[in-house]
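Participant: Sequence and predicted structure are below.
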Amino acid sequence: MDTEVLVVGGGATGVGVARDLAMRGVDVVLAERRGLNAGTSGRSHGLLHSGARYAEHDPDGARECIRENRVLKDIAGEAVRDTRGLFVQLAGDDPDFFDEKLAACRDLSIPATVYDGEDARDLVPGLPDTVERAMDVPDAVIYPSRLVAATAASAREHGATVLTHTPIEGLLTTGEGVVGAYTPDEEIRADHVVNAAGAWAGGLARTADIDLEMTPTKGAMVTVEYDDLDTVLNRCRPPADGDIVVPHEDTVVLGTTSVEVDDPDGDLENQAEVERMRAECANLLPGVADAALDHAYWGVRPLYEPSGVAEGRGISRGFFVLDHAERDGVPGLTSVVGGKLTTYRLMAEATADHVTDRLGVEADCRTAEERLPCADDAEELDSLVREFDAGGPADADVLST
């Protein structure tokens, strides 16, 4: 098989790159070893960030989030649930941190309204008596299975070939650099390869003798039965375990931990993390303490640590587009690493800009203006999820069977 660009990885970023390139007229093949959305995207907490979480310590990342928040609310339809978010200050939490975050949000034009404890409890029944203040921001919920499937469908409508259950075993290299990749059954020759394998990007790069410094960290998510929440809850403190509650229809997702792992395919499950998520999140929403467990799952963040100096939650959540011709002297390969589900479209745009520049293709990005296929029809979106085998635990309770 021959193509202009081969994209390896069928999570949100990979399908986003395939969509963007295909809309620019580039011949694209996307290959994913399992069904789409099988990695980090489908095992996230599904939070569409407003940028408030990052405002005081990462203003550039916060600007990206609020911009993409608005874009996805415009183009993704039933793949997004437009709730609100509250950053909640509990008794004992540092009030200066709340004030710093509020000032940063206002500096960045992230809408933020402050409520005292009583008004916050009126706004969101079930909050504890220990609430002192809450900040209302435009967080929302992403259903990643629908988002990934619809993005893949758009890529296909614009001419891309989407291959599921097609494991890439390694990159094809010659003296001129990377010229494609190979599966157990065939070679896929390409003018350029995009490594969008997320937490697995380092392993793919090693097949071309490239050292890509990934530091994957796992996060535990716990879904419990709870049908009386329509607002994302964030604990207003420095990022820590158990500080997010994400509402679905009849359940809520409690998250999350951040534990460095050696192997993203290793055994990630840890029952102690489940109990810790429930206990910590019960400080925000006491009713989850005894709520019935629906399911628990673990995801692996594709964090990139080039300097080796940051650890754990200190590693950048930003994204990086890496040109391996410049970085490693290996032409024909670009890696996109890091980032967040909220910014997947922006990550794809930056990657497509880079790749089209290398290919000499002159075409602008249009992914922020064109609505995703079937966006307003949940049943059709769920049909696409089944077609691409894109179901994941992050929104399994929401999808129609």
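Facilitator: Thanks, I have it. It should be emphasised that the depicted structure is a prediction, and the values quoted were computed from it without experimental measurement. Numbering: from 1, shown residues only.

Participant: Show me which helix or strand of the protein is least confident by mean pLDDT.
Facilitator: None of the helices or strands of the chain scores lower by mean pLDDT, DSSP states H and E than strand 259-260, at a mean of 86.

Participant: which helices and strands does it pack with?
Facilitator: Contacts defined by 3 or more C-beta pairs under 8 Å, 6 or more residues apart in numbering; DSSP states H and E place strand 259-260 against strand 217-225. The way it works is simple: take the backbone N, C-alpha and C, and place the C-beta from them, glycine included.

Participant: so which helix or strand takes in V7?
Facilitator: Secondary structure from DSSP states H and E places V7 in strand 2-8.

Participant: Could you check how far that strand is from the centre of its chain?
Facilitator: Strand 2-8 sits 23 Å away from the centroid of its parent chain (C-alpha atoms, centre = their mean, to the nearest Å).

Participant: Please name the nearest non-neighbouring residue to A363.
Facilitator: Excluding the flanking residues, the one nearest A363 by C-beta to C-beta, 6 or more residues apart in numbering is R24, at 3.7 Å.

Participant: likewise V274?
Facilitator: Leaving aside its sequence neighbours, V274 sits nearest to A296 (C-beta to C-beta, 6+ apart; 4.9 Å).

Participant: So A190 sits against G177, correct?
Facilitator: No - the pair A190 / G177 is not scored as a contact, 11.2 Å apart, by C-beta atoms under 8 Å.

Participant: mind giving me the domain ranges of this protein?
Facilitator: Annotated domains of the chain cover 2-42+144-214+306-395, 83-140+217-300 [automatic domain parsing].

Participant: Distance from the last one to the middle of the chain?
Facilitator: Its chain's C-alpha centre and that of domain 83-140+217-300 lie 17 Å apart, by C-alpha atoms, centre = their mean.

Participant: Between the two ends of it, how far is it?
Facilitator: End-to-end distance for domain 83-140+217-300, by C-alpha to C-alpha, to the nearest Å: 26 Å.

Participant: swap in the first one?
Facilitator: By C-alpha to C-alpha, the extent of domain 2-42+144-214+306-395 from end to end equals 35 Å.

Participant: mind listing the helices for the chain?
Facilitator: Taking DSSP state H, the helices of the chain run over residues 12-23, 59-75, 95-107, 117-123, 144-157, 201-206, 271-281, 324-328, 344-359, 378-387.

Participant: Any chance of the ones you listed in a markdown table with distance to D250 and mean neighbour count as columns?
Facilitator: Output for the helices of the chain, formatted as a markdown table (distance: least, C-beta to C-beta, whole Å; neighbours: other C-beta atoms under 10 Å):
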| stretch | distance to D250 | mean neighbour count |
| --- | --- | --- |
| helix 12-23 | 25 | 31 |
| helix 59-75 | 23 | 19 |
| helix 95-107 | 31 | 16 |
| helix 117-123 | 21 | 15 |
| helix 144-157 | 17 | 28 |
| helix 201-206 | 36 | 21 |
| helix 271-281 | 17 | 18 |
| helix 324-328 | 46 | 15 |
| helix 344-359 | 27 | 22 |
| helix 378-387 | 15 | 19 |
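
Participant: Can I get those helices in a markdown table including distance to D185 and mean pLDDT?
Facilitator: Formatted as a markdown table, those follow (distance: least, C-beta to C-beta, whole Å; pLDDT from 0 to 100):
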| stretch | distance to D185 | mean pLDDT |
| --- | --- | --- |
| helix 12-23 | 20 | 98 |
| helix 59-75 | 35 | 97 |
| helix 95-107 | 51 | 98 |
| helix 117-123 | 56 | 97 |
| helix 144-157 | 21 | 98 |
| helix 201-206 | 18 | 95 |
| helix 271-281 | 38 | 93 |
| helix 324-328 | 26 | 95 |
| helix 344-359 | 26 | 97 |
| helix 378-387 | 22 | 98 |
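
Participant: Would you enumerate the residues in contact with the nearest residue to Y344 once chain neighbours are set aside?
Facilitator: Sequence neighbours aside, A12 is the residue nearest to Y344 in space, at 3.9 Å (criterion: C-beta to C-beta, 6+ apart). Residues near A12 by C-beta atoms under 8 Å, 6 or more residues apart in numbering: N37, S41, P144, L147, V148, T151, L341, Y344.
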